[in-house]
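Student: show me how the following folds:
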Amino acid sequence: MAAKRSGAQNKRSQRKSVSPQAGQALRSEPPLSRERIVATAVELLDAEGVDGLTMRRLADCLGSGAMSLYWHVDNKEEVFDLALDAVLEYRGPPQTAGSQGWRGEVVHMLEDWRASMLRHPWSASLLPRRALGPNILGRLEMLSKTLSRAGVADADLNAAIWSLWNYVMGATITRVSFDLSDEDMAAAQQRLTGLSERYPTIERSRLLLDNDWDGAFRKGLDFLLDGLTPG
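Tutor: Coordinates of the predicted model:
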C-alpha cells in the first residue's frame, strides 16, 4: 500500500512537469481539489449508484474536463476508495453512550456504522471489496480497543470483530435490498398463512410482517454482545 501510494505521488509529480501552456489551460478551468472531487462523487453515487459513476460523468458534474481529475486522483478506483472512506467517518460516541460503559460505546459505534451505510446504500456493496481507508480502520481500531478494555481476550478479539462486522454488513445489505411494499408483505404473509402446517413457527411469529428493522438490529446486537460479555 505504501509503495503504491509513493508511486502515485511520483506520477503526480511527473504530471505537474508540464508546459506553461498546459498550466495556463488548467488554471482557466474551475478550481478542483481532491475534497471537492470526493464530495461530488458521493453526491453522484447517492443519486445514481455505483454504475452511474464514471470519470466522464464525474467531470461533467464538476464542470471540468475529465483529464483534469487525474491531477488529483489516479483513477476511478481511487475515487471509490476515497468516497467510501469519507461516508464512514466516525466522530466517536456522545457522553451518554460512554456513560453506559463498553456496551453503550459498542452499540453506538455499530448503529452509527449501519446508519451511515443506509444513508449511502452503495457503500454496503463496495465495502467488502475495497481497500480499507483511515476512517474505516479507525472504526475497527476503536471497536477492538473497546472490546479489549471490556475483557475480551486477545485470542478471541479477531473472531469478535468479524462477528460484529458480518452482523452489521448482513443487516445493512438485507435492509437495502429488501424493497417489498407493505401490501406485498401482507400478501406474502397471507400466502404463508395458507401453508401454516408446513411452516408453523414463522407463520405464528408473523415473520413477513415484521418491518421493525431498527428494533431487530438492536435486539440482535444485544444477543451478540451478551455472548461477548466476559463471564
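
Student: how many other residues sit next to T201?
Tutor: T201: 8 surrounding residues under other C-beta atoms under 10 Å. Heads up, the C-betas are built off the backbone N, CA and C, glycines and all.

Student: model confidence score at it, please.
Tutor: Looking at T201, its pLDDT stands at 91.

Student: tell me the SS of it?
Tutor: T201 carries the three-state label helix when classified by DSSP: H, G, I helix; E, B strand; the rest coil.

Student: and it, how far from D51?
Tutor: Distance, T201 to D51, by C-beta to C-beta, to the nearest Å: 39 Å.

Student: mean confidence for stretch 56-71?
Tutor: Stretch 56-71 shows a mean pLDDT of 93 in the predicted model.

Student: repeat that for stretch 141-156.
Tutor: The average pLDDT within stretch 141-156 is 94.

Student: what of stretch 224-231?
Tutor: Along stretch 224-231, the predicted local confidence has a mean pLDDT of 84.

Student: list the buried residues of it.
Tutor: 225, 228 (16 or more other C-beta atoms under 10 Å).

Student: hmm, who's touching it?
Tutor: Stretch 224-231 has contacts (C-beta atoms under 8 Å, 6 or more residues apart in numbering) with 103, 106-107, 147, 150-152, 160, 163-164, 167.

Student: quick one, what contacts the closest residue in space to G49 that isn't next to it in sequence?
Tutor: Computed as C-beta to C-beta, 6 or more residues apart in numbering, the closest residue to G49 that is not its neighbour in sequence is W122, at 5.4 Å. Neighbouring residues of W122 by C-beta under 8 Å, 6+ apart: 45-46, 49-50.

Student: mind splitting the chain into its structural domains?
Tutor: The chain resolves into domains spanning 6-87, 95-228 when parsed by automatic domain parsing.

Student: where does the protein have its least confident helix or strand?
Tutor: In the chain, no helix or strand scores lower on mean pLDDT, DSSP states H and E than helix 20-27, which sits at a mean of 41.

Student: what's the next secondary structure element after that helix?
Tutor: Under the assignment DSSP states H and E, the closest C-terminal helix or strand after helix 20-27 is helix 34-48.

Student: list the helices and strands that following helix packs on?
Tutor: Contacts defined by 3 or more C-beta pairs under 8 Å, 6 or more residues apart in numbering; DSSP states H and E place helix 34-48 against helix 55-62, helix 76-87.

Student: report the angle between that helix and helix 55-62.
Tutor: 100 degrees (axes from the mean of the first three to the mean of the last three C-alpha atoms, to 10 degrees).

Student: give me the contacts around helix 34-48.
Tutor: Under the contact criterion C-beta under 8 Å, 6+ apart, helix 34-48 has outside partners 52-53, 57-58, 61-62, 69, 72-73, 79-80, 82-83, 86-87, 120, 122.

Student: do that again at 6 Å, thanks
Tutor: For helix 34-48, contacts defined as C-beta atoms under 6 Å, 6 or more residues apart in numbering pick out 53, 58, 61-62, 72, 79, 82-83, 86, 120, 122.

Student: on that earlier part again, lowest mean pLDDT across the domains of the chain, which one is that?
Tutor: Taking each of the domains of the chain in turn, the lowest mean pLDDT turns up on domain 6-87, with a mean of 79.
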